[in-house]
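Asks: 3D, please:
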Amino acid sequence: MTRTLTLPTAPQAALPAGGLRATARIVARFDDGGGATRLPVLDGAGPFALRRIQSPADQARVCLVGAMSAPLGGDRLRIEATAEAGAALRITAAAATVALPGRTGDLATYDVHLTVGDGARLEWLPEPLISAEGSDLRMTTTIDLAPTARLVFREEQVLGRSGEHTGALRSRLTVRQAGRTLLDQETAYGPGVPGWDSSAVLGRHRAVGQLLLCGPEFADRPAEVRLLGGASGDGAGQGVLAPLAGPAALATAVAPDGLSLRRLLDGAAAG
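Replies: Below you'll find the predicted structure:
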């Protein structure tokens, strides 16, 4: 498979035998003197081109722009983002990430590590990850929160492009606060995973996602359990918002497509 470059790649990128190795790094720091959040570290690499975008003075905003087709089979990709104490950081993406098969048939890995300091707020709001037919991706997300950190984390996965079967996708999310585990879950879909498309799991749905909200306010006032979406037979998907055993709430939803999924998660955030 040929890669199509759309933007210059950073000098850290390398393409050894077996795939691409690349790590992008973002650090947001609160400036006591100016009362604003700065970005002392903004290092893109490989498929990750990082762009500052217009933002209010008290928040830094970064957009991930794809610089090449990735992840492909054999790639090893990683993003590290830190909001230091008192900082406010919002990370979005310009387009969906598409996991594609490589030339060797090797699996790809995509790791995200987020760190949020005391009094800091991090919003991780990328576009969906699409698991294309023939791909094999292992994704891990690890989030470390300080005791008074705030987090808005959205994860959306679409199983297969229009009219095709899904690839193999395994994803693990681990969230810790002050060293204590708030959430540790793993999901798997696609070839080789028994029952993933049965009525007991996804059924006809091909989009799955979650919205995680963390902050000190949930310690005093836990979120109330709330169903998302309409009647079970309306075809628009369903979800649930529920409190976690800690200062956090988690919305989980399934839907027939990415647009319906986003509507469900937006509804959880608005509530």
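
Asks: what's the distance between Ser260 and Ala236?
Replies: Look at Ser260 and Ala236: by Cβ to Cβ, to the nearest Å, they are 5 Å apart. Where you see a C-beta, it was placed from the backbone N, CA and C, and this is true even at glycine.

Asks: Then Ala67?
Replies: Relative to Ala236, and taking Cβ to Cβ, Ala67 is found at 35 Å.

Asks: Give me the more crowded residue out of the two.
Replies: More neighbours surround Ala67 than the other of Ala67 and Ala236, with 22 against 16 (other Cβ atoms under 10 Å).

Asks: ok, that one to Ala22 distance?
Replies: 10 Å.

Asks: so what sits against both of these two?
Replies: Residues touching both Ala67 and Ala22 comprise Gly46, Pro47, Phe48, with contact defined as Cβ atoms under 8 Å, 6 or more residues apart in numbering.

Asks: What pLDDT does the model give the first one?
Replies: What that stands for is Gly46. pLDDT recorded at Gly46 is 91.

Asks: Pull the number of nearby residues for it.
Replies: Neighbours around Gly46, by other Cβ under 10 Å: 24.

Asks: Quickly list what the closest residue to it other than its chain neighbours is bridged to.
Replies: Take Gly46 and drop its neighbours on the chain: the residue closest to it by Cβ to Cβ, 6 or more residues apart in numbering is Ala22, 2.7 Å away. Going by DSSP bridges, Ala22 is paired in beta bridges with Leu77.

Asks: all strands of the stretch 101-250 of the chain, in order?
Replies: 108-116, 121-125, 129-131, 136-145, 150-159, 168-177, 180-189, 207-214, 226-228, 238-243, 248-255 (DSSP state E, counting those that start in this stretch).

Asks: wait, which of those strands is closest to Gly35?
Replies: strand 121-125 (14.9 Å; Cβ to Cβ).

Asks: Return the residues in contact with Leu151.
Replies: Going by Cβ under 8 Å, 6+ apart, Leu151 touches 114, 116, 121-124, 143, 145, 175, 212-215, 248.

Asks: before we move on, what about Arg51?
Replies: Applying Cβ under 8 Å, 6+ apart, we find Arg51 in contact with Val62, Cys63, Leu64, Val65, Ala94.

Asks: Just the buried ones among these, please.
Replies: Among the contacts of Arg51, those classed as buried by 16 or more other Cβ atoms under 10 Å are Val62, Leu64, Val65.

Asks: and the last one, what are its bridge partners?
Replies: Translated: Val65. With DSSP bridges as the rule, Val65 is bridged to Ala49.

Asks: Am I right that it is in contact with Ala94?
Replies: Yes. Here Val65 lies in contact with Ala94, judged by Cβ atoms under 8 Å, at a distance of 4.7 Å.

Asks: what about the residue sitting furthest away from the middle of the chain, is that helix, strand or coil?
Replies: Using Cα atoms, centre = their mean, the residue of the chain lying farthest from its centre is Gly33. It sits 32.5 Å away. What DSSP: H, G, I helix; E, B strand; the rest coil gives for Gly33 is coil.

Asks: For it, give me the pLDDT.
Replies: According to the prediction, Gly33 has pLDDT 79.

Asks: go on, the one 10 residues further on?
Replies: Model confidence at Asp43, expressed as pLDDT, equals 97.

Asks: I'd like to know how many residues surround it.
Replies: When neighbours are counted by other Cβ under 10 Å, Asp43 comes out with 15.

Asks: Need phi/psi at it.
Replies: phi -110, psi 110 (degrees, to the nearest 10).

Asks: cool, Leu259 as well?
Replies: When read as degrees, to the nearest 10, the backbone of Leu259 gives phi -60, psi -40.

Asks: Pull up the gap between it and Gln238, please.
Replies: 15 Å.

Asks: partner residues bridging the spatially most central residue of the chain?
Replies: Nearest to the mean C-alpha position of the chain, by Cα atoms, centre = their mean, lies Glu155 at 4.2 Å. Bridge pairing for Glu155 (DSSP bridges) gives the partners Gln210.
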